[in-house]
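In: I need the structure of the sequence given here:
(one chain, ligands or ions: 2)
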Amino acid sequence: MIQVENLTKEFKIYKKQPGLKGAVKGLFSKEADIKKAVDNISFNIGEGEMVGYIGANGAGKSTTIKMMTGILVPTSGKCIVNGIIPYKDRQKNASQIGVVFGQRTQLWWDLPLTETFSILKEIYNVGDNDYKNRMEFFNEVLEINEFISSPVRTLSLGQRMRADLAAALIHNPKILYLDEPTIGLDVMVKENIRKAIKQINQEFKTTVILTTHDLSDIEELCDRIIIIDKGKSVYDGSIEKIKDTYGYMRTVQTFVKEINAAKQIDISKEFGLAEEDAVTWMKDNSLFVSFNKNKISISEIVGHIMSKVQVMDINIKETDIEEIIKKIYGHEVKL
Ligand SMILES: Nc1ncnc2c1ncn2[C@@H]1O[C@H](COP(=O)(O)OP(=O)(O)OP(=O)(O)O)[C@@H](O)[C@H]1O
Ligand SMILES: [Mg+2]
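Out: Numbering: from 1, shown residues only. Ligands and ions are numbered 1, 2, ... in the order given. Take a look at the predicted model:
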């Protein structure tokens, strides 16, 4: 369904020089830095798959989505979506994809939703019967009837996101791109949106590509994740495999008094371990160590911390997927 091969996108960033003189000079100067936002990425996605595309801020997620949707032209490499090259065949591409950018709406701000939907019906040439059925379905899973007569600008963020999702699906696209569809939403609305996405995928075999910073989205929806870091793909596979591979990881949290002194502690350095075998970080008044239990014991770690600072309480757990993924971003661990 989607073939991405050695896909790369570079942005030219023109250097700004300070002051008015610099600004004028900047108009004529051709000096530019090249920023590789997406760096030689390849993957295939089959029909009906639901894939999570994740990475830290600035990793290149949105840039990849924009190339897949035809908004951006790749610097090099290939992107073929359902047989066509998105940026070359925009119209055909538009008929087979739906897109939601959580950060901004695609809806007409001043129009009531009903009107927006009828316009989209015309644009995408949706037949009367299909339209009726789909609107019924959206009402069932997204409960859009509650606010269908209101102008978009009066909707709450959660309502707007539900409306955006419905609008992206009105022509029953084969592929749905969701760029942070649950951003800023409360837990209840997040849950509704996830349910709706799941149902759409199951009912219509829609292929879904989803970026998010909320790993619960991924755990609930995606069998497969692709992790990118600084534009490069660092993992492509199941969440289960990550969990299995990292099943030996544990995390210990120690509540400490002397925060500044605790910040100096770095277990991997102090025990001469590889960086990925013991990652130390501080959050609020806790010192966290995520470690490989085959390489170092809990008592060694806690003993060491207690020799440096006063420890008030200790909490130990299996390292969760979020920490593992952060570790993968941070150290480009290949699985
Ligand atoms: N139009 C542009 N011009 C120059 N640089 C850009 C442009 N768009 C994106 N970038 C840069 O490319 C990199 C990747 O950006 P991108 O928006 O794809 O990241 P992201 O993974 O979606 O991040 P986030 O999680 O914050 O949304 C960033 O360093 C960003 O600053
Ligand atoms: Mg983004």
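In: quick one, strands of the stretch 201-335 of the chain?
Out: 207-211, 224-229, 232-238, 249-256, 278-283, 286-292, 311-318 (DSSP state E, counting those that start in this stretch).
In: Let me see the domain layout of this protein.
Out: Domain segmentation of the chain under automatic domain parsing yields 47-72+83-242, 248-318.
In: Reformat those domains as a markdown table; add mean neighbour count, distance to ligand 2 and mean pLDDT.
Out: The C-beta positions use only the backbone N, C-alpha and C, and glycine is treated the same way. Below are these laid out as a markdown table (neighbours: other Cβ atoms under 10 Å; distance: least, Cβ to the ion, whole Å; pLDDT from 0 to 100):
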| stretch | mean neighbour count | distance to ligand 2 | mean pLDDT |
| --- | --- | --- | --- |
| domain 47-72+83-242 | 18 | 3 | 92 |
| domain 248-318 | 15 | 24 | 92 |
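In: wait, which of the ones you listed is closest to residue 328?
Out: domain 47-72+83-242 (5.8 Å; Cβ to Cβ).
In: so does the closest one get close to ligand 1?
Out: Yes: shown here: domain 47-72+83-242 in contact with ligand 1 (Cβ under 6 Å from any ligand atom) through 55, 57, 58, 59, 60, 61, 62, 63.
In: So the first one is in contact with residue 225, correct?
Out: So the one you mean is residue 55. No: here residue 55 lies out of contact with residue 225, judged by Cβ atoms under 8 Å, at a distance of 10.1 Å.
In: hmm, back to that, would a markdown table of the domains of the chain with distance to residue 14 be doable?
Out: As requested, these are exported to a markdown table (distance: least, Cβ to Cβ, whole Å):
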| stretch | distance to residue 14 |
| --- | --- |
| domain 47-72+83-242 | 18 |
| domain 248-318 | 36 |
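In: Residue 31 against residue 13, yeah?
Out: No: the criterion here is Cβ under 8 Å, and residue 31 misses it with residue 13 at 10.0 Å.
In: and the closest residue to residue 250 other than its chain neighbours, what are its phi and psi?
Out: Leaving aside its sequence neighbours, residue 250 sits nearest to residue 293 (Cβ to Cβ, 6 or more residues apart in numbering; 5.2 Å). Main-chain torsions, residue 293, degrees, to the nearest 10: phi -70, psi -10.
In: Now do residue 293 against residue 252, distance only.
Out: Using Cβ to Cβ, to the nearest Å, residue 293 is found at 10 Å from residue 252.
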